[in-house]
Structures are given as C-alpha cells and as structure tokens.
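Visitor: Any chance you can model this:
(chains A, B, C and D)
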There are 2 protein chains.
Amino acid sequence: MKTRRKSPVNLITTDQNACSINLRLRILGRLPFFAGLSQKALESINQRFNSIGYNAGEFIYFAGDVADKLFVVAEGKIKIFQHGSNGRNVMLDILAEGDFFGNLTVLGASNYPDTTQALTSTCVLCIQSDGFGQILNDYPRLAIKTIQVVEKRLIAANQRVFKISSLTVEKRIAFTLLELGQKLGVQKDNSLLIDAPISRDDLAEMTAATAETVSRVMSQFQSNGIIESGRLWVSIINMEALRDLSKME
Amino acid sequence: MKTRRKSPVNLITTDQNACSINLRLRILGRLPFFAGLSQKALESINQRFNSIGYNAGEFIYFAGDVADKLFVVAEGKIKIFQHGSNGRNVMLDILAEGDFFGNLTVLGASNYPDTTQALTSTCVLCIQSDGFGQILNDYPRLAIKTIQVVEKRLIAANQRVFKISSLTVEKRIAFTLLELGQKLGVQKDNSLLIDAPISRDDLAEMTAATAETVSRVMSQFQSNGIIESGRLWVSIINMEALRDLSKME
DNA sequence: GCAGTTAACTGATCTATATCATGGAAGCTT
DNA sequence: AAGCTTCCATGATATAGATCAGTTAACTGC
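Guide: From the prediction side, this is the model:
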C-alpha cells in the first residue's frame, strides 16, 4: 500500500486584518483590470467597495439568491460551482486573488446561477452591481475590459464542453491539473504545488467524473512519478508527461 | 418499419437581394441591441457595416482564422461549432436572425475559437472589430448590453457543461429539442416545426452523443408520439411530454 | 424515372466509467 | 494518544452509450 504524505498546503492564508479598509485601495490598484486609471478615479471607485472575510467552508452566496453584487477576490481561494439536486455538483472554477465573480451587469433582478464557497479563509471586495454599472458608464474602457473578461470565460466554458465530450477522463484530469498548476501553482524545490486544498471530489466535479475514477487515475499518475499527492493536496512533478497525456491527438 | 416523411423545412430562406444596402438600416434598427438609439446614431453605425451572403454549407470563418470581424445574422441559420481533429465536433449554438458572432472586442490579434457554417442560405452583416470597439466607446450603454449578451452565453455554456455531466442522453436530447423549438420553432397546425435543417449528426454534436444513439432516442420519441421527424427536419408534437422527460429530478 | 448520394434506422457487440462495497490513512478534537 | 470524522485507495460488478456493420429511405441530378 502506498503511503500518503502530510499536506504541504497552508490552509490559513489570511490574518484577521487582511481586509482592513486601508488595504482595499492597494488591492484594487494592483488589479490589471483597473490598470491605467488615475489615482483619483481609483480612489472614487474604491469608495464604492467594502470588504468581507470568510472562513474556509463558508458560502459567499448560493445559486438562486438575488444577484445584486459583484465580488473581487482579495485573498484566498474560492470555488464556484453549480449543484445538482442529486448531489452531483459541477465545479466551474477555482477563483484566486484578482478574480471577479457575482453579477457583472445590471440585469434587472436576476439570480446567481451558481454557488460560491471559500476553500481557505478569504477576503473579498464587494460592490453593488448598479454601482459597478455606473463605473462602466463613466469609464467605457473598463466596460470593454469587462467584455474581454467575460468572453475569455465563455471561450473557456466552451472548451470545457469540448473536453468533456471528446476526451477520456484521464486526459481531462491531466488537463485540469495543468490548468490548476498554472493558476495556483507555487514552486517547491523540484515540484509545482497546487496551492489550494483540492480533494478527489473537487477534481471529480471539475472533470465530470466520479471521485473513485479520479482516485484511480491519480494513483496511476503517482506511481508513474508524474504527480505527488495526499489528503487535500496535489503537486506536479513531471509537467511534460502531463502535457503529453493531455494531448488530444 | 416506420416510414419517414418529406421535409417541411424550407431551405431557401433568402433571395439574392436580401442583403441589399438599403435593407441594412432596417435590419439593424430592428435589433433589440440597438433599440433606444437615435436615428442619427443608428445611421452612423450603419455606415460601418457591410453585408455578405452565403449559400447553405458555406463557411463564414474557420477556427484559427484571425479574428478581426464581428457579424450579425440578418437572415438564415448558421451553426457555430468547434471541431475535434478526430471528426468529433461540438456544436455550440445555432444562430438565427439578430444573433451576434465573431469577435466582439479588440483583443490584440486573436483567433476565432470556433467555426461558423451556413445551414441555409444566409445574409450576415459584418463590421471590423475595432470599429465596433469605437462604437462601444461612444455608446457605453451598448457596451453594457454587450456584457449582458456575453454573460448570458456564459451562463448557457456553463449549464451545458452541467447537463452533459449529469443528465442522460435522452434528457439532453429532450432539452435540446425544447431549446430549438423555442428558438427556431414555427407553429404548423398542431405541431411546432423546428425551422432549420437539423440532422441526427447535428443533434449528436449538440448533445455530446453519437448519431446512432440520437437516432435510437428519436425513434423512441417518435413512436411515443412526442415528435415527428424525417430527413433533416424535426417537429414537436407533445411539448409537455418533452418537458417531463427533460426534468432533472 | 433511374442512378447515385447522403441521412436515418436498427441489431450485435464492446468498453470506459459508474456503482457498490470495504478497508486504511490523515488530520481534528478533547 | 485515543477516538472520530473525513478523505483516499482499490476490488468486483453493472451499464449507458459507443462502435461496428448492414439495410432502408429521402433527396439530387441527369
């Protein structure tokens, strides 16, 4: 029997004051989204935001809630998913610092189509959707940037459909691990640690598979020296091998 | 053996002059997207568009082409899909009058992620992406409307992922038929004809299934009196039964 | 109206992955 | 450090749907 290893993922990513008022401006200013705005504009935009902290496991909102807010991840990791009544969830993404989520536009009284839950302790910045609408009206360049953000996600979503319908589970998992590595990876000596507490179940929800199948594939990856993994952590050892495996041919 | 019926779908939907210059303004003005703009603004926007006609089967663009144009369907039906090298395509949507496709924003030198092909003879309006970007800059309300259009598609794409991963093929087909009925349906005495030449292969590409499986399910639907169908056409007889079948429970 | 082509139907078989079931390891809790 | 809970591994079995294959029906063009 393979022996699993202790988790190298640090679950406490923020301290209590990460969301303090005086830090908001700095966080917003760092976002590529707001790059190029004057300090004055940035300050006025900052006025409209406030910040909220969540502990690991807490929900930010549920699918069906009235969608009147837009959020930005300031610190921590958040999973965004749709839940099937049967318990078959589908994860759309794991959000990290700088990612937007919630309601981007002022669609009259709509509801969130998905649910968001903190994976680690997190801090999010929050703004009323109509306030954000006014900002977009005042700064058309931001509106165009917003279109680009949403369009990128649309393209990614379409590619996910493509992968689910034409790739094997093994390839989908390989792909997903590469994406997670790229987005959440931190270099640790000779491996790339995915810096979020990801379970087999999470991977199953990301790849449209079952936890058992994911477990089998991950075991195989591990015995081939491609990854290292344990309870709630994964780390990529051989990136090239993963890339080969994910090839569509 | 069940005998199939002659197609009631009219494949010739446009005449040669449907795209004539003097019709463009009328078509643009009808679009909900441009609703609320002054006649003057509309005329200046119209200046930037030109129109192109395609015969059934012709391609508007291929995945990978340089994405420098935005299109609007003026008349006809267009399928938009991704093709897998193996021949396993994934259809994203069937576009009808008023739908946008192509490149909405001025992303520096990107490529189309999908391929578009006319299902009937069609006419499309066309604008350079950077020209459209200027329009969005001039009319921030249009930019916000654009965000809404893309966001709706994103939500639809995510729901497609959800359906593929958690519903049976039968349910997915039922769902897809309902969507097609809603979008392309025309009432014919006691049935709703889907007004586009849709093959079993097309349905397979829409539902992430094979043509054979689709054929079997459609045969069953037909013998249950839920639909009527033949070579390149489908018509819904019993909407309620389809809705029941598509229920997720 | 006949020949050729493409789309659709259906039977037989196969397989990737889900399901069901059990045991073991990691990490909390007190 | 003992007990509890959650997560992970893995074997055995079942099955939805893919694949392979052969036939029939609708449309197209001459």
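
Visitor: so what pLDDT did residue A:28 get?
Guide: Reported pLDDT at residue A:28 in the predicted model: 89.

Visitor: Would you map out the domains in chain A?
Guide: A:16-163, A:168-246 (automatic domain parsing).

Visitor: can I get these in a markdown table with mean neighbour count?
Guide: Where you see a C-beta, it was placed from the backbone N, CA and C, and this is true even at glycine. A markdown table is the format used below for those (neighbours: other C-beta atoms under 10 Å in any protein chain shown):
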| stretch | mean neighbour count |
| --- | --- |
| domain A:16-163 | 18 |
| domain A:168-246 | 18 |
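
Visitor: Residue B:150 is nearest to which of the ones you listed?
Guide: Closest approach to residue B:150 among these (C-beta to C-beta): domain A:16-163, 4.5 Å.

Visitor: in chain A, which helix has the most residues?
Guide: If you go by DSSP state H, chain A has its longest helix at helix A:140-166.

Visitor: got the CA positions of the next helix or strand after that helix in CSV?
Guide: Using DSSP states H and E, the helix or strand that follows helix A:140-166 towards the C-terminus is helix A:169-184. The C-alpha trace of helix A:169-184 is given here as CSV (Å, rounded to 0.1, in the frame of the first residue of the first chain):
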residue,chain,number,x,y,z
VAL,A,169,-11.3,11.0,-18.0
GLU,A,170,-7.5,10.6,-17.8
LYS,A,171,-6.9,13.3,-20.3
ARG,A,172,-9.4,15.6,-18.7
ILE,A,173,-7.7,15.1,-15.3
ALA,A,174,-4.3,15.8,-16.8
PHE,A,175,-5.6,19.0,-18.4
THR,A,176,-7.2,20.1,-15.2
LEU,A,177,-4.1,19.5,-13.2
LEU,A,178,-2.1,21.6,-15.7
GLU,A,179,-4.6,24.4,-15.5
LEU,A,180,-4.6,24.3,-11.7
GLY,A,181,-0.8,24.3,-11.7
GLN,A,182,-0.7,27.3,-14.0
LYS,A,183,-3.2,29.2,-12.0
LEU,A,184,-2.5,28.2,-8.4
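
Visitor: which residues are contacting helix A:169-184?
Guide: Here helix A:169-184 makes contact (C-beta atoms under 8 Å, 6 or more residues apart in numbering or on different chains) with A:77, A:94, A:96, A:163-164, A:167, A:192, A:194-196, A:198, A:203, A:206-209, A:213-214, A:217-218, A:220-221, A:227, A:234, A:236, A:239, A:242-243, A:245-248.

Visitor: Kindly recompute the last result at 6 Å.
Guide: A:163, A:192, A:194-196, A:206-207, A:209, A:213, A:217, A:236, A:242, A:245-246 (C-beta atoms under 6 Å, 6 or more residues apart in numbering or on different chains).

Visitor: if we take those, which one ends up nearest to residue A:121?
Guide: Among the contacts of helix A:169-184, residue A:196 lies closest to residue A:121 (C-beta to C-beta), at 12.3 Å.

Visitor: Quickly note the distance from the closest residue to the closest one other than its chain neighbours to DNA strand C.
Guide: Of all residues not flanking residue A:196 in the chain, residue A:77 sits nearest, at 4.4 Å (C-beta to C-beta, 6 or more residues apart in numbering or on different chains). Using C-beta to the nearest atom of the strand, to the nearest Å, we find residue A:77 at a distance of 16 Å from DNA strand C.

Visitor: Residue A:77 touches residue A:121, doesn't it?
Guide: No: Residue A:77 lies out of contact with residue A:121 (C-beta atoms under 6 Å); the separation is 9.6 Å.

Visitor: Kindly report the residues of chain A close to DNA strand D.
Guide: Listed as neighbours of DNA strand D in chain A under the rule C-beta under 7 Å from any atom of the strand: A:1-2, A:4, A:199-201, A:211-212, A:215-216, A:218-219, A:222, A:229-232.

Visitor: and residue A:248, what does it touch?
Guide: For residue A:248, the contact set (C-beta under 6 Å, 6+ apart) is empty.

Visitor: so where's chain A shaky on pLDDT?
Guide: A:1-6, A:10-22, A:107-109, A:249 (pLDDT under 70).

Visitor: Which pair of the contacts of helix A:169-184 spans the longest distance?
Guide: Most distant of these, by C-beta to C-beta, are A:195 and A:213, 24.7 Å apart.

Visitor: quick one: the strand or helix carrying residue A:204 to helix A:140-166, angle?
Guide: Using DSSP H and E, residue A:204 maps to helix A:200-207. Inter-element angle recorded for helix A:200-207 and helix A:140-166: 100 degrees (by axes from the mean of the first three to the mean of the last three C-alpha atoms, to 10 degrees).

Visitor: Counting by contacts, list what helix A:200-207 packs against.
Guide: For helix A:200-207, the packing partners by 3 or more C-beta pairs under 6 Å, 6 or more residues apart in numbering or on different chains; DSSP states H and E come out as strand A:89-95, helix A:169-184, helix A:211-223.

Visitor: any idea how far the second one is from the chain center?
Guide: Read it as helix A:169-184. Relative to the chain's own centre, helix A:169-184 is displaced by 13 Å; criterion: C-alpha atoms, centre = their mean, to the nearest Å.

Visitor: and if you look at the shortest one?
Guide: The offset between the C-alpha centroid of strand A:89-95 and the centroid of the whole chain comes to 7 Å, using C-alpha atoms, centre = their mean.

Visitor: hmm, who's touching the helix or strand just after that strand?
Guide: Per DSSP H and E, the first helix or strand lying C-terminal to strand A:89-95 is strand A:100-102. Identification of contacts with strand A:100-102 by C-beta under 6 Å, 6+ apart yields A:69, A:70, A:71, A:72, A:80, A:95.

Visitor: Just to be sure, residue A:196 is in a helix?
Guide: No: under DSSP: H, G, I helix; E, B strand; the rest coil, residue A:196 sits outside any helix and is assigned coil.

Visitor: check contacts around it.
Guide: Contacts of residue A:196 (C-beta under 6 Å, 6+ apart): A:77, A:94, A:119, A:184.

Visitor: again, 10 Å this time
Guide: Taking C-beta atoms under 10 Å, 6 or more residues apart in numbering or on different chains, we find residue A:196 in contact with A:9, A:11, A:13, A:76-79, A:94, A:96, A:119-120, A:180, A:183-185, A:202, A:232-234.

Visitor: circling back: nearest to residue B:33, out of the helices and strands packed on helix A:200-207?
Guide: strand A:89-95 (26.7 Å).

Visitor: by contact count, what packs against that closest one?
Guide: strand A:69-75, strand A:78-83, strand A:100-102, strand A:115-118, helix A:140-166, helix A:169-184, helix A:200-207, helix B:140-166 (3 or more C-beta pairs under 10 Å, 6 or more residues apart in numbering or on different chains; DSSP states H and E).

Visitor: Between strand A:69-75 and that strand, find me the angle.
Guide: Going by the same axes, to 10 degrees, strand A:89-95 makes 60 degrees with strand A:69-75.

Visitor: ok, residue A:24 touching residue A:34?
Guide: No: using C-beta atoms under 10 Å, residue A:24 is not in contact with residue A:34, being 11.9 Å away.

Visitor: Could you name every residue contacting both of the two?
Guide: A:46, A:72.

Visitor: Dump the helix holding residue A:204 to CSV, keeping only the CA atoms.
Guide: Extracted as CSV, the C-alpha positions of helix A:200-207 are listed here (Å, rounded to 0.1, in the frame of the first residue of the first chain):
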residue,chain,number,x,y,z
ARG,A,200,-10.6,13.9,-5.2
ASP,A,201,-14.2,15.0,-5.1
ASP,A,202,-13.3,18.5,-6.2
LEU,A,203,-11.3,17.1,-9.1
ALA,A,204,-14.3,14.9,-10.0
GLU,A,205,-16.6,17.9,-10.0
MET,A,206,-14.1,19.7,-12.3
THR,A,207,-13.7,16.9,-14.8
